[in-house]
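Engineer: Using only what follows, build the 3D model:
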Amino acid sequence: MGLFSIFSKEKKKNLNEGLSKTKEGFFSKLTRSVAGKSKVDDEVLDDLEEILVTSDVGVDTTLKIIERIENRVAKDKYFGTSELNQILRDEITALLEENDNGTAKGFSLPPTEGPYVIMVVGVNGVGKTTTIGKLAHQFKQSGKSVVLGAADTFRAAAIEQLQVWGERVNVPVITQKQGADPASVAFDTLNAAKAKNADVVIVDTAGRLHNKVGLMNELGKIKKVMQKVLPNTPHEVLLVLDASTGQNAIEQAKQFTKVTEVTGMALTKLDGTAKGGVVIGISDQLKIPVRYIGVGEQLDHLQVFNKYEFVDSLFGE
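Structural biologist: Presented below is the predicted three-dimensional model:
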């Protein structure tokens, strides 16, 4: 057995365990709803609609899935409840495929002039700093050199947390004092990365939304200053969301997309919730690629999102 096979099996195991609460909650409800029934009728579809909504797939996305299944029923005239799992699986996969306007870049990045720059955004408490630390670790594991920038100068704790992660995964962290200009930190970070010939730069930003105009101006200034050092940066604006907040995560995503151009998302804490359906809803409603998912606390529990592996795990395969 090759090393890649071992890693793949471990990744699959972590994903299965991380989605176990969502899977158990969803399928136990589905099993109860079809108990004693032989065909998919209006009552089964009504139950399925409720199950999808309570799994935080979201109302709009749920209605879309139900409509697809209704069309299958009308076209095929009849199919039994024993086939419902496969039909549902097919329609969720199709939905994720249609809404995938970009594939996960993973840890193999496209060639760029200078370092590949990722600006990370998201509210406090979603696991933003932890995600940055785990990303740094994964990039290092793939043979890349990484520099972190602590541009969330609003909170001293944010700077300290990033420094702790930098020490843990052995990557340099560029900092200034609390209250310093975030754009100045980003400027120093990119210059340091250039001097070190680093492959990847990950810049943290302030996690607050109470002043949208202020946040928009701040993020815009950071981008402008970055581009003075490296044109066409950042290459990725990664929005970190807490999956355990369900529909609140979708609302946060909508708010952030109003103030900055988000190019990818990372969904954290999937292992601690039965709300994993939010991955489906958020992909459908925002049309922004889900790049990474967090399925546990260990360093390698941040995974590149693969829609096929996700659906396989959700449906118990």
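Engineer: Next secondary structure after the helix or strand bottoming out on mean pLDDT in the chain?
Structural biologist: Least confident helix or strand of the chain, by mean pLDDT, DSSP states H and E, is helix 3-18 with a mean of 69. The helix or strand immediately downstream of helix 3-18 is helix 20-34, counting by DSSP states H and E.
Engineer: Counting by contacts, list what that next one packs against.
Structural biologist: When contacts are defined as 3 or more CB pairs under 8 Å, 6 or more residues apart in numbering; DSSP states H and E, helix 20-34 packs onto helix 42-54, helix 84-98, helix 307-314. Placement of C-beta: from N, CA and C, glycine included.
Engineer: Give me the contact list for the first one.
Structural biologist: If I follow you right, that is helix 42-54. 26, 29-30, 33-34, 37, 59, 61-63, 65-66, 69-70, 81, 84, 88, 277 (CB atoms under 8 Å, 6 or more residues apart in numbering).
Engineer: buried subset of these?
Structural biologist: 26, 29-30, 33-34, 61-62, 65-66, 69, 81, 84, 88, 277 (16 or more other CB atoms under 10 Å).
Engineer: out of those, who's nearest His301?
Structural biologist: Nearest to His301 among those is Gly277, at 19.8 Å by CB to CB.
Engineer: for the stretch 51-200 of the chain, what are the low-confidence residue spans?
Structural biologist: Applying pLDDT under 70 to the stretch 51-200 of the chain flags the ranges 77-79, 99-106.
Engineer: Which stretches in it count as strands?
Structural biologist: Under the criterion DSSP state E, counting those that start in this stretch, strands of the stretch 51-200 of the chain are mapped to 116-121, 146-150, 173-174, 200-204.
Engineer: Can you point out the buried residues in the helix or strand that the last one is followed by?
Structural biologist: Beyond strand 200-204 in the direction of the C-terminus, DSSP H and E gives the next helix or strand as helix 212-229. Buried residues in helix 212-229, counting neighbours by 16+ other CB under 10 Å, are found at 215, 218-219, 222-223, 225-226, 229.
Engineer: got it, and stretch 125-135?
Structural biologist: Within stretch 125-135, the residues that qualify as buried by neighbour count (16+ other CB under 10 Å) are 126-135.
Engineer: For Ala192, state which of the residues you listed is nearest.
Structural biologist: Ile132 (16.2 Å).
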